[in-house]
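*Asks:* Any chance you can model this:
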Amino acid sequence: MLTKAELQSLRALREKKNREAEGCFVVEGVKVVGELLAAGFAFDALYATPAWIPPAGTANVTVIPPAEMARASHFPTPTEVLAVGTIKRPPLPEGALAHGLTLMLDGVQDPGNVGTLLRIADWYAIDRVVLSPDCADLFSQKVINASKGSFARVVVHVADLPAVLVGVPATVPVLGCDLTGDDVHALPPLRDAVIVIGSEGQGLSPAVQVKVTRSITIPRHGAAESLNAGVAAAIVLDNLRRAQATG
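*Replies:* Sure, this is the predicted structure:
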């Protein structure tokens, strides 16, 4: 049985302010919890109904009745498992942006987009993702769900983007995605680069835009106004990886 305090704590974690205060987050659902466990994520605690079959070796599981899960759940229709993890925000190491490919998100506020971008970064083996502080909360259920397990595999930092871009060497291009930029297909092979994706409605913030050394775009052949942030990032990263392979 969960105590009244435990139930209140679990339910409170749906709010970002409470996650920050407690230093932990909650995620629930058979699929997403299974994906994170398969990716090696170590949860502090798991609460499950008897219907849930944990993967072999899963630790820290507390079995609770369905009625109690319904009280703890954040969803109208409770699932079979709910997990609690510690919030960890590793600092961006000094000089990290000088090496490899970095995907930088500037004010991307849609949780689904942030999660999708983590998944894309995982697909293309991007070395790190850096979020601006005004991006959607990395530890929200919607971000973690959309990442499809990539949340546990991608190295993510939260940082003041203009401040960290100051330290990028002149030899490392900072590529900003912009409708008026150069054709992404014309980029040379790049082993080291920072790729910046702006917010859904406003694009790159002025403070980040001035740090961009080259604006790039995906050639438009039809009449659509713009591309979704995830779609745009996937096309750009695919071109970078293909150029590396053929360069």
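
*Asks:* Please point out which parts of the longest helix seen in the chain sit buried.
*Replies:* Scanning the chain for the helix with the most residues, using DSSP state H, yields helix 229-246. Buried residues in helix 229-246, counted by 16 or more other C-beta atoms under 10 Å: 229-230, 232-237, 239-241, 243. Bear in mind the C-beta positions are built from the backbone N, C-alpha and C, glycine included.

*Asks:* and if you look at stretch 86-99?
*Replies:* Here stretch 86-99 shows 92, 96-97 as buried, counting by 16+ other C-beta under 10 Å.

*Asks:* and it, how far out from the chain's middle?
*Replies:* Centroid displacement of stretch 86-99 relative to its chain, using C-alpha atoms, centre = their mean, to the nearest Å, is 14 Å.

*Asks:* Just the CA trace of it, in CSV.
*Replies:* Presented in CSV, the C-alpha positions along stretch 86-99 are these (Å, rounded to 0.1, in the frame of the first residue of the first chain):
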residue,chain,number,x,y,z
THR,A,86,16.1,11.4,-10.8
ILE,A,87,16.4,14.6,-12.7
LYS,A,88,20.0,14.9,-13.9
ARG,A,89,21.3,17.9,-15.9
PRO,A,90,25.0,17.3,-16.6
PRO,A,91,26.8,20.6,-17.4
LEU,A,92,28.1,21.1,-20.9
PRO,A,93,31.8,20.4,-20.7
GLU,A,94,34.1,23.2,-21.7
GLY,A,95,35.2,22.8,-25.3
ALA,A,96,32.6,20.2,-26.1
LEU,A,97,31.1,22.1,-29.0
ALA,A,98,34.4,22.0,-30.8
HIS,A,99,34.2,18.3,-31.5
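
*Asks:* For it, give me every contacting residue.
*Replies:* 19-20, 23-25, 44, 102, 127-128, 130, 139, 155, 157-159, 164-165, 167-169, 172, 192, 194 (C-beta atoms under 8 Å, 6 or more residues apart in numbering).

*Asks:* Can you give me the pLDDT of Q202?
*Replies:* Here the pLDDT value assigned to Q202 is 85.

*Asks:* The longest strand anywhere in the chain: which residues count as buried?
*Replies:* Criterion DSSP state E: the longest strand present in the chain is strand 174-183. Neighbour-count burial for strand 174-183 flags 174-178 (criterion: 16+ other C-beta under 10 Å).

*Asks:* Return the member of those residues nearest to T58.
*Replies:* T58 has its nearest neighbour among the buried residues of strand 174-183 in C177, at 40.2 Å by C-beta to C-beta.

*Asks:* With Q141 as the reference, measure out to the closest one.
*Replies:* According to C-beta to C-beta, to the nearest Å, C177 and Q141 sit 27 Å apart.

*Asks:* Sounds good, over and out.
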